[in-house]
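Engineer: 3D, please:
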Amino acid sequence: MKHLTTLATVSLLAVSSWAATLPSHSSAVPISGSLALPGYQAAACPTPAPAVDPKTRTWKHGDAEYKDFTAITSATDNTQKAQLAAAFVQKYPDSSYKNTALQIEMTAQAAVPSLQAQAVQTATEIMKSSSADASVLLPAYVIISYADPNLVQANDPDMAAKMATLLQASTCGQQLLAQQPAAAQTQYMPILVKAQGFAQMNTKDYAGAIATLTKAAQLKPTDPLPYYWMGVTKVTQAPPDYNTGIFDLAKASVLSPQTAAFKSYLTTVYTQYHGSADGLQDVITAATNNAAPPADFKVMSSVDVQNAAAQAAYQAQLEKLKNQLPPADSFAGIEARLKKPDMAADEWKTVKGVGYELDGLVTDVTAKTIDIAVGATDPSTPADVHVVLDQPLTKRPKVGDKVTVDGLAESFKPNPPDASGQFVLTMTKGSVKGYSPAGK
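Structural biologist: Below you'll find the predicted structure:
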């Protein structure tokens, strides 16, 4: 009985701190591969076996079994501990301590980066054991959820099987964890939820992956992987969501600047979508200052960029044409310059007192004056030239008639110049071609 109590205590202590020995994530960041399993569902969760009272355990194989188990718990090197535990399970398959040995083996393997794949295999074996209770199953679920995303590659030939196991472990682990204390849920729930999202991404359940990974990011906002996998999912789905997907990739890069793969993939996706790296730093700044894309966040596609450039060029040309003045020796050119406050003074120096001959439609006529709209074809066009005749007319043109007048530039209005005002040039000593003055 002494042997039983002592070894049970030692073994429980050995596995109670299994999570503390887990190594940090490596720099490997697998992305969604070509697995064609949309909407794939994991197998049903196994029912945990009833918890075994340590006092009921016995050493079925006597002192040899006891000494072999003692060697496991006494080992300080994790590689050696894993080897001893594996040998124990192989030697004593019916041992009352088999699940405990498997758990120690799994924990030791998880603590050694090069043995993480073996840790997943051991955890999978525990999942399949009908004698595994909740205290053994939960660590197995968490270790699979933690390690598997690091191990799988995009074109892994065993992707389907690995994702099935991962999806089962992550979802079943969440069910068991919901019955554990709050502290345990805080520590392990982000791992399980994140792994579920990764499995959904790689089985092309994109909507499910986005929802799950969003929850994972909320559970642990400092973890870059949910953002990275969420970004990969959004730019991979059909149709892709490049706007928020690129933001999520940038968020992952901000949270883990030392992970070159994050920045590399972000740059590749952004450049291909936007057409260049211009503006990428603005995206990174937005991701640095916000947990989610701001309301006005927008990544322009290369087509958007081209269209915006074409529109800007068109508007610039319109503005250029708008500001381009007619020839200086034309009436339209004289009018345009006299209406501009910054040009009127110099223009008037060259115009005042100069004689001009102009064609236009008559808008008003008296014996001594005539008003015309230069170059107009519509009789309702306002007059822009007022001519004071040198001599009265005996015969007058009618309103709407096309005439040719001449005279000397005397004044103009509005003065001071107003680009929006109705321009009128007054000429003196004028005459109307074809209409004789009085007495002639």
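Engineer: Arg337 against Ala344, yeah?
Structural biologist: Yes. Contact between Arg337 and Ala344 holds when scored by CB atoms under 8 Å: they sit 6.9 Å apart. Backbone N, C-alpha and C define where each C-beta goes, glycine included.
Engineer: what about the nearest residue to Pro382 once chain neighbours are set aside, which SS state?
Structural biologist: Closest residue to Pro382 apart from its sequence neighbours, by CB to CB, 6 or more residues apart in numbering: Gln422 at 5.9 Å. Under the three-state scheme (DSSP: H, G, I helix; E, B strand; the rest coil), Gln422 adopts coil.
Engineer: could you measure from Gln422 over to Gly360?
Structural biologist: Taking CB to CB, to the nearest Å as the measure, Gln422 falls 15 Å from Gly360.
Engineer: can you check Thr56 too?
Structural biologist: Noted for Thr56: a distance of 118 Å to Gly360, by CB to CB.
Engineer: which of the two has more neighbours?
Structural biologist: The neighbour count for Thr56 versus Gly360, taken as other CB atoms under 10 Å, is higher for Gly360 (23 against 8).
Engineer: where does this structure dip in pLDDT?
Structural biologist: Residue ranges of the chain with pLDDT under 70: 1-43, 318, 321-323, 438-440.
Engineer: quick one: the strands in it, in order.
Structural biologist: Assigned by DSSP state E, the strands in the chain fall at 355-365, 369-374, 385-389, 402-413, 424-432.
Engineer: now for the fourth one, which elements pack on it?
Structural biologist: Going back to what we said before, that points to strand 402-413. strand 355-365, strand 369-374, strand 385-389, strand 424-432 (3 or more CB pairs under 8 Å, 6 or more residues apart in numbering; DSSP states H and E).
Engineer: quick check: end-to-end length of stretch 150-165?
Structural biologist: Taking CA to CA, to the nearest Å, stretch 150-165 runs 14 Å from one end to the other.
Engineer: buried ones in it?
Structural biologist: Residues of stretch 150-165 classed as buried: Asn150, Leu151, Val152, Asp156, Met159, Lys162, Met163, Ala164, Thr165 (neighbour count, 16 or more other CB atoms under 10 Å).
Engineer: list just the nearest of these to Pro416.
Structural biologist: Set against Pro416, the nearest of the buried residues of stretch 150-165 by CB to CB is Asn150 (77.9 Å).
Engineer: if we can go back for a sec, quick one: closest of the helices and strands packed on strand 402-413 to Ser114.
Structural biologist: Ser114 lies closest to strand 369-374 among those, at 92.6 Å (CB to CB).
Engineer: let me know the angle separating that closest one from strand 424-432.
Structural biologist: Using axes from the mean of the first three to the mean of the last three CA atoms, to 10 degrees, the direction of strand 369-374 lies 110 degrees away from that of strand 424-432.
Engineer: strand 369-374 to strand 385-389, inter-axis angle?
Structural biologist: Orientation note: strand 369-374 sits at an angle of 150 degrees relative to strand 385-389 (the same axes, to 10 degrees).
Engineer: just give me the neighbour total for Asn415.
Structural biologist: Neighbours of Asn415 (other CB under 10 Å): 11.
Engineer: excluding chain neighbours, what is closest to it?
Structural biologist: Asn415 sits nearest to Ala344 (CB to CB, 6+ apart), 7.7 Å away.
Engineer: what about the one you found, how many neighbours?
Structural biologist: Look at Ala344: counted by other CB under 10 Å, it has 20 neighbours.
Engineer: how about Phe247?
Structural biologist: Neighbours of Phe247 using other CB under 10 Å come to 26.
Engineer: what do you get for Thr236?
Structural biologist: Neighbour count for Thr236, taken as other CB under 10 Å: 17.
Engineer: before we move on, what about Val305?
Structural biologist: Neighbourhood size, Val305 [other CB under 10 Å]: 15.
Engineer: if I look at the closest residue to it other than its chain neighbours, how far off is Phe297?
Structural biologist: Nearest non-adjacent residue to Val305, counting by CB to CB, 6+ apart: Gly275, 5.4 Å away. Separation of Gly275 from Phe297 (CB to CB) stands at 18 Å.
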